[in-house]
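>>> Build me a model:
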Amino acid sequence: MTHLFRILILILLAAIPTAAHAQDRPITPVSEHGQLSVSGPHITDQSDNIISLAGPSFFWSNTGWQQERFYTKGTVATFAKDWNAGIIRVAMGAQGNGSYLDDEDGNIDRVVTVVNAAIKNGLYVIVDWHSHQAEQDIEEAKLFFTALAEAYGETPNLIYEIYNEPLDTTDWDTVVKPYAEELIETIRAVDPDNLIIVGTQSWAQDVDKAADNPITGHANILYALHFYAASHKAELRKKAQYAIDKGLPLIISEWGTVTYNGDGYMDAKSTRKWMEFAKKNNLSHLNWSVSDKNETASMFKPGASSEGGWTDEDLTPSGLLARDIMRDW
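Below you'll find the predicted structure:
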């Protein structure tokens, strides 16, 4: 597995622009901020300035789910140049039919395409092990992240997300935290400094439990907070503020304008409250999702181009709101 993975990445890595051409390129989020770190509850850049980034999250990369078609260079370029995104998130499916566990080559090809395009466009890029049961496939996750770190760990662009959304039936202290510690050790054996995002219990909502028993002995660790604005409101923000006040560094690695199942009504008022909360606490955030699936969280109407260049007519109400938030961040 890892041998073929490394060969594929090394071949495609050759297409990435080198630092020698940096003087010919416009200022980008990565050229401006460089290597990211965690300081207290904040992300800081190469100049020790606190920063907050906004961008989109791709849909599950699974083969045959139809939304993998958006894993293209054109999609990434449009987010960078037209939407003013500073960061993007690859949701590499590690569960279900057509996932990395079923179709390694297809999913890796998509991941590499988007990561290379992010580097070319000067964006930060999260590569997420998109699973609700990651502890069941820990050896596969370790092999994947080792190869990913070997290929891209020296670039400041890459951010690792090692567990998308642990379930509410999965315990933080005895399952999620030990899994995270093992994955962190694996990544740090190759990449000593790029950011690592740790999933938190109950679909990345129980950040208070992580704050009461955080991971120690490692630098540049973030914790995932996910919300869907029509379902999650003041009570979840209270949990998040508790964690922040205890010094836990959070990132909203997935959020939606709609209900928790990715469908339902779009709650613009609640979305604005969440964006105020993110601004106040300097939280980076990524909107779900880069998709034209028939659900209200999708950014695009059915049939939108897989290569970017979208107009207002291509976007759903959620997509229009998410784009405007990114442009103004």
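
>>> Mind listing residues that contact the strand or helix carrying Leu236?
Element membership of Leu236 [criterion: DSSP states H and E] is helix 234-245. Applying CB atoms under 8 Å, 6 or more residues apart in numbering, the contact partners of helix 234-245 are 41, 205-208, 210-211, 223, 225, 227, 250, 273-274, 277, 281. Yep, even glycine has a C-beta here, placed from its N, CA and C like the rest.

>>> ok, now stretch 30-39?
22, 25, 43-51, 119, 122-124, 156-157, 159, 193-195, 219-222, 249.

>>> what about burial for the residues you listed, which qualify?
Restricting these to buried positions leaves 43-45, 51, 119, 122-124, 156-157, 159, 194-195, 220-222, 249, with burial counted as 16 or more other CB atoms under 10 Å.

>>> In strands, which of these appear?
43-44, 51, 124, 159, 221-222 (DSSP state E).

>>> List the residues that contact Gln66.
Shown in contact with Gln66 (CB under 8 Å, 6+ apart): Lys293.

>>> Do you know the pLDDT at it?
Note for Gln66: predicted pLDDT of 98.

>>> And for Gly40?
Note for Gly40: predicted pLDDT of 97.

>>> Nearest residue to it in space, please, no chain neighbours.
Nearest residue to Gly40, sequence neighbours excluded (CB to CB, 6 or more residues apart in numbering): Gly247, at 5.8 Å.

>>> Surely the one you found forms part of a strand?
No - Gly247: not assigned to a strand; according to DSSP: H, G, I helix; E, B strand; the rest coil it is coil.

>>> Pull out the buried residues from stretch 85-103.
Using 16+ other CB under 10 Å as the test for burial, stretch 85-103 gives 85-95, 98-101, 103.

>>> brain fart, stretch 165-178
Using 16+ other CB under 10 Å as the test for burial, stretch 165-178 gives 165-166, 170, 172, 175-177.

>>> With stretch 179-189 instead?
Using 16+ other CB under 10 Å as the test for burial, stretch 179-189 gives 179-180, 183-184, 186-188.

>>> What's the per-residue pLDDT of the closest residue to Asn49 other than its chain neighbours here?
With CB to CB, 6+ apart as the criterion, Asn49 has its nearest non-adjacent residue at 7.8 Å, and that residue is His33. On pLDDT, His33 comes in at 98.

>>> Next one, pLDDT for Arg323 please.
98.

>>> go on, Glu139?
Looking at Glu139, its pLDDT is 97.

>>> Distance-wise, check it relative to Ile215.
Remark: distance between Glu139 and Ile215 (CB to CB, to the nearest Å) = 20 Å.

>>> more neighbours, the two?
Taking neighbours as other CB atoms under 10 Å, Glu139 and Ile215 compare with Ile215 leading, 15 against 8.
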